[in-house]
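Participant: Model the structure of this input:
(chains A and B)
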Number of protein chains: 2
Amino acid sequence: MEQLEWLGFTAGFFSMIAFIPQVYKTYKIKSAEGISIQTFIIYTISTILWTTYGFLFGKPAIYITNIVMLIISSTQIVLKIKYDRADKLAQKQRRYK
Amino acid sequence: MEQLEWLGFTAGFFSMIAFIPQVYKTYKIKSAEGISIQTFIIYTISTILWTTYGFLFGKPAIYITNIVMLIISSTQIVLKIKYDRADKLAQKQRRYK
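Facilitator: Numbering: from 1, shown residues only, chains lettered A, B, ... in the order given. The predicted structure follows:
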């Protein structure tokens, strides 16, 4: 069955690259207003658990994918916090003008 | 090792519920402007591949999770198309007023 691990790597490849357009879009428009931070926090927790699962079952397709996704979804969280803070600050400044 | 499948189910549970806050937020604000449709298309493809992988390796934690995520991420795509269309229409109407 191990030869089917390529399928896992293909699936993992798609999972890995999936959030790149989202991170790029958020970065480009410098706003994460419509993004749910809860989604990315829960998702990050899931990648940690899947990484552990992949290690325990000896499935590199699972743990390699999830380590990469952990990095990408953490980046999305950082961008969300950063741009939401900038938005709030800009709103405050407009209010006191 | 099969008793460790509960870890997969826990990981799967977090993956499954992760996108619910995002879909809910998009639905609530009636806008998916900051959402990348590419992300959700690639993600949907990955859930189809992971479902196949889960079936072939007999890992219900993987395929059950991915079937649910397939449904949720498809919903996000439908909402993205719907609200982007409504946004474009509203912009056009403002232009011709």
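Participant: Now do the same contact list for residue A:34.
Facilitator: Residue A:34 sits next to B:25, B:26, B:29, B:31, B:32, B:33, B:34, B:35 when contact means C-beta atoms under 8 Å, 6 or more residues apart in numbering or on different chains. Bear in mind the C-beta positions are built from the backbone N, C-alpha and C, glycine included.
Participant: Pull out the buried residues from those residues.
Facilitator: Buried by 16 or more other C-beta atoms under 10 Å in any protein chain shown: B:25, B:26, B:31, B:32, B:34, B:35, out of the contacts of residue A:34.
Participant: how distant is the helix or strand harbouring residue A:26 from the center of its chain?
Facilitator: Secondary-structure assignment from DSSP states H and E places residue A:26 in helix A:5-29. Centroid separation between helix A:5-29 and its chain, computed with C-alpha atoms, centre = their mean, to the nearest Å, is 9 Å.
Participant: same question, stretch A:61-72
Facilitator: The chain centroid and the centroid of stretch A:61-72 are separated by 10 Å under C-alpha atoms, centre = their mean.
Participant: need the contact list for the most centrally placed residue in chain A.
Facilitator: Nearest residue to the geometric centre of chain A (C-alpha atoms, centre = their mean): residue A:73, 1.6 Å. Contact criterion C-beta under 8 Å, 6+ apart gives A:19, A:40, A:43, A:44, A:47 as the residues in contact with residue A:73.
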